[in-house]
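Trainee: any chance you can model this:
(6 chains)
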4 protein chains.
Amino acid sequence: MGKREDNAIATRKKLISTANQLIVQHGYENISVDAIVKASGIAKGTFYNYFDRKEDLIFELSKQRFAPITARTTELTNDDPLSNIQRYLVDFMTVIADSKIGLARQWVRYISASSANNAKWQFDVQSFERLLMKLIDLNQLKIATPVHQLAQLLLTQLYGVILTWCITSETLDPVATVKRFCALQLPSLLGPYLVKE
Amino acid sequence: MGKREDNAIATRKKLISTANQLIVQHGYENISVDAIVKASGIAKGTFYNYFDRKEDLIFELSKQRFAPITARTTELTNDDPLSNIQRYLVDFMTVIADSKIGLARQWVRYISASSANNAKWQFDVQSFERLLMKLIDLNQLKIATPVHQLAQLLLTQLYGVILTWCITSETLDPVATVKRFCALQLPSLLGPYLVKE
Amino acid sequence: MGKREDNAIATRKKLISTANQLIVQHGYENISVDAIVKASGIAKGTFYNYFDRKEDLIFELSKQRFAPITARTTELTNDDPLSNIQRYLVDFMTVIADSKIGLARQWVRYISASSANNAKWQFDVQSFERLLMKLIDLNQLKIATPVHQLAQLLLTQLYGVILTWCITSETLDPVATVKRFCALQLPSLLGPYLVKE
Amino acid sequence: MGKREDNAIATRKKLISTANQLIVQHGYENISVDAIVKASGIAKGTFYNYFDRKEDLIFELSKQRFAPITARTTELTNDDPLSNIQRYLVDFMTVIADSKIGLARQWVRYISASSANNAKWQFDVQSFERLLMKLIDLNQLKIATPVHQLAQLLLTQLYGVILTWCITSETLDPVATVKRFCALQLPSLLGPYLVKE
DNA sequence: GATGAATGAGGATTCATTCAT
DNA sequence: CATGAATGAATCCTCATTCAT
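Mentor: You can find the predicted model right below:
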């Protein structure tokens, strides 16, 4: 209860989602506050009731965008470590590939803009590390596995695929590329650390 | 003789180099023609004697930036294919790492902006392919080596390092990262295709 | 109540009237948006809240200028057809002559610029035709009167006087010229079509 | 002798004729000195060797344009004063109608711009007056003919046709309009002043 | 909380004109 | 005489932001 609050939240959401759409389509720099409020059917002044400056919007957007990418915490259902890791990598890329290429471009543009976005990378690395550590716990990987190094290497490859996708777009299927990488590389990469029975 | 032409060329160069500096520091969208001409000590009108529009400048810049990255055609001096490939990868990254982080960011921003920059990727892939094919010619790699796949995989990794560097900057040393990748991955990646004596 | 709307309307009017003054004095091409807003004491951005482009202003102005010229629908009070027609012609020219010569020049400049302004001519011709037809109705002119031809001929003369006035300005009194034309020409021009008692 | 002078004259002519073409097509304000020199294949500096300012060009153009309009001094070959006058009027309009409508528009625009162009009108009036006086000399018109008044009235009509043509363009045939005027008006207009045999 | 009119610094671009070569 | 690089004021227009209602 609090109809006013509800309305306020709705207005805020409307603003964000409209901005998201427009920015994905045309890029951040090409979207004016004017365009956002007109497309939302909301007054310009109202925009500034919710955001102190235009920049605050993109911060809000980035939070929303980054979230789902690592939201899917892969369930470790079977006993093959390679499959588990592959599933994680493929899931990761699938989330990104499901969005429009414009979104990915925006993401790259934004994340590469400054080292202030460091956190995202750290977070992703840690996610990977957690995965690998779980596999160690499950006795699928050796205790001596260089967790941090592997996580960075894998993530770098993923980021590389994203960037490449932005550049080549139509030509390249990012998920297929990840799968090929897994087939070609994962066995030899993880081979030394697998616990054999 | 030719004093006027020389001056003209100098003016053009001045404009380009100043723009390059400013854009590297602040990003393309944040640099106005005004800022460029003021920093150059050149009149605004003169700018438009050389470039029909601001956009033409970045085209000019990108040409200059992209050129050196693959200009260094690695010499294949010794008989170890792994070293040859590693040297190529390291050289590639060194050229990029030698520039400021701002330049790399600008490069990522620019190259990921549209699939029109596809050509750069294609070109890099082909460079890699040529390297691998030379190694086949030299009987260091097997004829059956999947040249295209390997080239793409290696380049994706390089691009991934670049993007990661843009994100983490101070934290990460891109050249070291490439070296680590080579040490960790190249042997197993190329192992199946090495011609053993 | 409605204070903001009132202000907005006032601002718009202020902009239009200022622009009108300046343009009459100096001509459209010689007046910058800057000059208009400075003279209005209104911010430049505000100008663009009301008009998408400078051109829209002149469209607005032309509408206002054209309107009054034919607004005065001459009352047909007496029984002499020649007087009625003369009064109409003189009224027409008086409206124009009452404005400054600069306005007339602007009008000529604008109306002669393209055949898109055709409508104004058509409208004026029709006004004349209506007048003549009324006189036929009143049995002052014969039914056989070549209404369209006469209307065109008379209007051409009026337009000629306007253009001549623009050229000679101080030397020529447009209203007097029209009167002279009426005295000299109307009798013989209309003679054949007068209904005599 | 004077090859250099010849070249100079040629350059000047080239500049003027190119400017004329461009201005007829696009209107004075839309043609830059740059456009003129580029279209002429002549250097910008050279332009300023011949004309101190851009305005001087249009002055030059106007002289050339105005000239032919009254160059055709009508020969008075037969003994019918009405035919003589009609021929003069029709010739006058034919010269104008032979040019493109754009030229006429430019002419109107230019001549109506300021009373500095008064001279053109005076000159045309005098031409008419001379014609009428010749007819008086030839004993075709009475000595009491109000030469000045008639000349002004006829010329006003001509100018009116020109202006109307600019407004209506496709719809109206200026020469035909003049002929109609002659048929409809000349007899009664000149009737009182004809010398009857 | 919502509105939208007002703001004005800043953006890209044009162009007549000058002057050293 | 011819050249064309250099100039910079002026032009139209954009846009994030403020504030009275």
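
Trainee: domain-wise, how is chain A divided?
Mentor: A:3-60, A:72-193 (automatic domain parsing).

Trainee: state the three-state secondary structure for the residue nearest to A:Trp121 when sequence neighbours are not counted.
Mentor: Using Cβ to Cβ, 6 or more residues apart in numbering or on different chains and skipping residues adjacent in sequence, the residue nearest A:Trp121 is B:Ile167, 4.7 Å away. For every residue, glycine as well, the C-beta is placed using N, CA and C. At B:Ile167, secondary structure determined by DSSP: H, G, I helix; E, B strand; the rest coil is helix.

Trainee: so what's B:Ile167 scoring on pLDDT?
Mentor: Looking at B:Ile167, its pLDDT is 90.

Trainee: contacting residues around it?
Mentor: Going by Cβ atoms under 8 Å, 6 or more residues apart in numbering or on different chains, B:Ile167 touches A:111-112, A:115, A:117-118, A:120-121, A:159.

Trainee: what is the most widely separated pair among those?
Mentor: Largest separation among those by Cβ to Cβ: A:Ser115 and A:Tyr159, giving 14.7 Å.

Trainee: one step back: can you redo the contacts of B:Ile167 as JSON lines with distance to D:Ile36?
Mentor: What follows is these, written out as JSON lines (distance: Cβ to Cβ, whole Å):
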{"residue": "A:Ile111", "distance to D:Ile36": "52"}
{"residue": "A:Ser112", "distance to D:Ile36": "48"}
{"residue": "A:Ser115", "distance to D:Ile36": "54"}
{"residue": "A:Asn117", "distance to D:Ile36": "53"}
{"residue": "A:Asn118", "distance to D:Ile36": "58"}
{"residue": "A:Lys120", "distance to D:Ile36": "57"}
{"residue": "A:Trp121", "distance to D:Ile36": "58"}
{"residue": "A:Tyr159", "distance to D:Ile36": "55"}
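
Trainee: from these, which is closest to D:Gly45?
Mentor: Nearest member of the contacts of B:Ile167 to D:Gly45, counting by Cβ to Cβ, is A:Ser112, at 48.1 Å.

Trainee: shouldn't that closest one be in contact with B:Leu163?
Mentor: Yes. Assessed by Cβ atoms under 8 Å, A:Ser112 is found in contact with B:Leu163 at 6.1 Å.

Trainee: residue of chain A nearest DNA strand E, please.
Mentor: Of all residues in chain A, the one sitting closest to DNA strand E is A:Gly45 (1.6 Å; Cβ to the nearest atom of the strand).

Trainee: picking up where we left off before, what is in contact with A:Ser112 and B:Leu163 at once?
Mentor: Residues touching both A:Ser112 and B:Leu163 (Cβ under 8 Å, 6+ apart) are B:Val108.

Trainee: can you tell me the helix or strand for the residue lying closest to A:Ile31 once chain neighbours are set aside?
Mentor: Using Cβ to Cβ, 6+ apart and skipping residues adjacent in sequence, the residue nearest A:Ile31 is A:Leu22, 4.8 Å away. When elements are defined using DSSP states H and E, A:Leu22 is found to belong to helix A:3-26.

Trainee: where are the low-confidence patches of chain A?
Mentor: Applying pLDDT under 70 to chain A flags residues A:1-5, A:65-78, A:197.

Trainee: just the helices in it please.
Mentor: Here chain A has its helices, by DSSP state H, at A:3-26, A:33-40, A:44-50, A:54-71, A:81-98, A:101-111, A:118-137, A:147-168, A:174-190.

Trainee: and the shortest one, does that touch chain C?
Mentor: Just to be clear, that refers to helix A:44-50. No. On the criterion Cβ under 8 Å from any Cβ of the partner chain, helix A:44-50 is out of touch with chain C, staying 11.1 Å away.

Trainee: same for that helix, what does it pack against?
Mentor: helix A:3-26, helix A:33-40 (3 or more Cβ pairs under 8 Å, 6 or more residues apart in numbering or on different chains; DSSP states H and E).

Trainee: repeat that for 6 Å
Mentor: helix A:33-40 (3 or more Cβ pairs under 6 Å, 6 or more residues apart in numbering or on different chains; DSSP states H and E).

Trainee: residue of chain A nearest chain B, please.
Mentor: A:Gly160 (2.5 Å; Cβ to the nearest Cβ).

Trainee: could you count how many residues lie near the closest residue to that residue other than its chain neighbours?
Mentor: Once flanking residues are discounted, A:Gly160 sits nearest to B:Gly160: 2.5 Å by Cβ to Cβ, 6+ apart. Using other Cβ atoms under 10 Å in any protein chain shown, the number of residues around B:Gly160 comes to 24.
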